[in-house]
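Enquirer: predicted model and sequence below, questions to follow.
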Amino acid sequence: MGISAGPAPADPDAAESAQITVIGNTGDDITLFGLRVCPDLDTVMYTLGGGSDESRGWGRADESFVVKEELAAYGMRPTWFGLGDRDTATHIVRAQMLAAGYPLSAVTDALCERWQPGVRLLPMSDDQIETHVVVADDGDGGRRAMHFQEWWIRHGAALPAESIVSVGADTAVPAPGVLDAIAAADIVLLPPSNPVVSVGSVLGVPGIRAAIAEKTVVGVSPIIGGAPVRGRADACLSAIGVETDARAVAAHYGPELLDGWLMDDADSGGPDVPGITTRCRPLYMSDPESTAAIARAALDLALELR
Ligand code: FO1
Ligand code: CA
């Protein structure tokens, strides 16, 4: 999803009062039917705001798909994107505010007024950045690029990716507040999100990676025992030539960025990752309690390395 930065209290029991800023990936964002959909920002907002469908992992709880069916009945394409009715209200508010000239960061703020996620949620940039995936085109040696969501959802990330491009990133700037939040943070945590299309997209916004590298940074491995816990991170990692392995992902982030790295017990006993302090513990997020314990372990390691 993104990167969280927060002033951490010296006394870990004061963690309740710590302020957390989440810097969300917007590379997955897509415009459909005139609506701007921001999956990662919405997933953070709905999940922390108590409105997400936990089993699906995206969109709203108690969702229906009548608008999607009606659009399909008109012959509207694409039909592969699950645009839920409740979720669509969010996209309508966002589209209306963007059309009125508000930047995405202000729109996100306004949406969070309703959901009260308990963290400050910032898009990585107000500039449009879209992840596109380049694949081989039907055997004639050609190639074509498609939006990340088409590759991910329609093709199930099963078409081998030749490359993954963050379109617009080179000229983008971080959203207002992003660099200040990082500079003010006591520690930065990299969540166990996709290292290429989620965390990688955030780090690809000019200025963000360098700002984070100044801090004490601890990451949590999204790879356990050589396989992604959720999603097809393996398909993204192979596109950039990184092995689907907890240590390989740490080495990919590199010691200039990462101070500490949490891996699952399944990955204990391997070699050191040069320049990065590794620690093993259970990393399956099976419920809110186990998830909180992982966050606490990452925080503890960061406080130790600070
Ligand atoms: N993921 C799917 O696998 N199928 C969908 O139809 C789908 C719709 C969707 C709608 C709104 C939203 O916020 C997320 C949605 N996702 C869907 C999840 C999304 O494609 C990805 O999991 C993320 O972009 C990856 O981080
Ligand atoms: Ca550092």
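Expert: Arrived safely, thanks for sending. Ligands and ions are numbered 1, 2, ... in the order given.
Enquirer: just the closest residue of the protein to ligand 1, please.
Expert: Closest residue of the chain to ligand 1, Cβ to the nearest ligand atom: residue 82 (2.7 Å). Placement of C-beta: from N, CA and C, glycine included.
Enquirer: contact partners for that residue?
Expert: Residue 82 makes contacts with 58, 59, 65, 68, 153, as judged by Cβ atoms under 8 Å, 6 or more residues apart in numbering.
Enquirer: which of the residues you listed sits closest to residue 253?
Expert: If you rank these by distance to residue 253 using Cβ to Cβ, residue 58 comes first, at 25.2 Å.
Enquirer: what is the burial count for that closest one?
Expert: 17 (other Cβ atoms under 10 Å).
Enquirer: same question for residue 160.
Expert: By the criterion of other Cβ under 10 Å, residue 160 has 11 neighbours.
Enquirer: check the one 4 residues further on too.
Expert: Applying the criterion other Cβ under 10 Å, we find 21 residues in the vicinity of residue 164.
Enquirer: residues contacting it?
Expert: Residue 164 sits next to 131, 132, 133, 134, 148, 196, 197, 236, 239, 240 when contact means Cβ under 8 Å, 6+ apart.
Enquirer: again, but for residue 131
Expert: Each residue near residue 131 by Cβ under 8 Å, 6+ apart is listed here: 27, 28, 147, 148, 164, 165, 166, 167, 197, 201.
Enquirer: could you dump the contacts of residue 164 into TSV with secondary structure, distance to residue 295 and pLDDT added?
Expert: As requested, those are arranged in TSV below (DSSP: H, G, I helix; E, B strand; the rest coil; distance: Cβ to Cβ, whole Å; pLDDT from 0 to 100):
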residue	secondary structure	distance to residue 295	pLDDT
131	strand	26	98
132	strand	32	98
133	strand	31	98
134	strand	35	97
148	helix	27	98
196	coil	22	98
197	coil	22	98
236	helix	24	97
239	helix	29	95
240	coil	27	96
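Enquirer: ok, of these, which one's closest to residue 4?
Expert: Nearest to residue 4 among those, counting by Cβ to Cβ, is residue 197 at 17.7 Å.
Enquirer: what about the helices in the stretch 151-300 of the chain?
Expert: 178-184, 199-203, 208-213, 233-239, 246-253, 288-305 (DSSP state H, counting those that start in this stretch).
Enquirer: just name the most buried of those helices.
Expert: Of all these, helix 199-203 carries the top mean neighbour count, a mean of 25, counting by mean count of other Cβ atoms under 10 Å.
Enquirer: which strands and helices sit next to that one?
Expert: For helix 199-203, the helices and strands in contact under the criterion 3 or more Cβ pairs under 8 Å, 6 or more residues apart in numbering; DSSP states H and E are strand 2-6, helix 208-213.
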